[in-house]
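> return atomic coordinates for the entry below.
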Amino acid sequence: MGVKIARAKRIPGLCIGLAGLAMAALAGSATEAKAQIQLTPDSGRYLIQRFVAPNEQWAISYNFADGTLTGNVFKTDGQDPSFIWCEFTDIQYADDPADNSYTLDCFGSNPCTEAPCEESAWVPIGTGIPLPASFVLPPDTQATFGGQIEPIFTQTCALAGCHDTNSQAGELDLSAGAAYDNLVEVMSSQRPAEARITPFDPDMSYLYSKIIGTGDGAQMPMVGMLSAGQMQDIFDWITEGATRN
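Numbers count the residues shown, from 1 in each chain. Next up is the predicted model:
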């Protein structure tokens, strides 16, 4: 995968740092300085802090709702901080989340000195930048929504007559692109006091009780139980915060 770095005189340090990051990722050595990562309480983003270059410390966030990586680039040599805005253009999911790969296009800017902040201050600094999972996922992540969870719903639940867009059995659409918004912190129609998915808490997630056979009515899915591995993936994903990762 090629990496293009656009040189910009206004933010040379940021361009150099990003170029170094891209080359390290391509060489498989982007784990030299492990990220410090924390999930926000609303499961909306990962907050990431790490050194990317000898004189650059990034404090950025992976925002699940809009698929962006944004934040601050602090210089340890006394230079003014810069700002970065990246858009995920491709995510390749793997059976093991640690093997996921991410591709970004990035823009950088110097500080806005006074309002109005101008759009023209943002300049492209890199396209097609590959990043390993270790850059954006907490260590030992067991399941991601895009890699493990949504495919389970698509293959076993979003079927004709069940939880597809047309049928919506139990007022629930689990088709690709709709499942997350219909599950996480959405109250169940069968047990209104309990959410279908409660982040961090499988025991208070009604959908999880349905797939393991402890919920009201029949165990789901109707045709064939999920495998032990699939159930474990859903348990792990909820326990890890039920993020749209």
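> point out where the chain drops to low pLDDT.
Residue ranges of the chain with pLDDT under 70: 1-34, 158-161, 164-170.
> just the strands from it, written as ranges.
Under the criterion DSSP state E, strands of the chain are mapped to 36-39, 45-53, 56-63, 68-75, 82-92, 101-109, 123-132.
> list the pairing partners of the longest one within its sheet, with orientation.
Spelled out, it's strand 82-92. Take DSSP bridges as the rule and strand 82-92 pairs in its sheet with strand 68-75 (antiparallel), strand 101-109 (antiparallel).
> mind listing what's buried along stretch 64-73?
Neighbour-count burial for stretch 64-73, counted by 16 or more other CB atoms under 10 Å, picks out 64, 68-71, 73. In this view, the C-beta of every residue, glycine as well, is placed from N, C-alpha and C.
> which one of those is nearest residue 228?
Residue 228 lies nearest to residue 64 out of these, by CB to CB, at 27.6 Å.
> that closest one and residue 199 touch, don't they?
No - judged on CB atoms under 8 Å, residue 64 makes no contact with residue 199 at a distance of 11.9 Å.
> shared neighbours of the two, anything?
43, 243 (CB atoms under 8 Å, 6 or more residues apart in numbering).
> domain parsing for the protein?
12-136, 145-239 (automatic domain parsing).
> export the ones you listed to TSV and tack on distance to residue 245?
Listed next are the domains of the chain as TSV, based on distance: least, CB to CB, whole Å:
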stretch	distance to residue 245
domain 12-136	6
domain 145-239	6
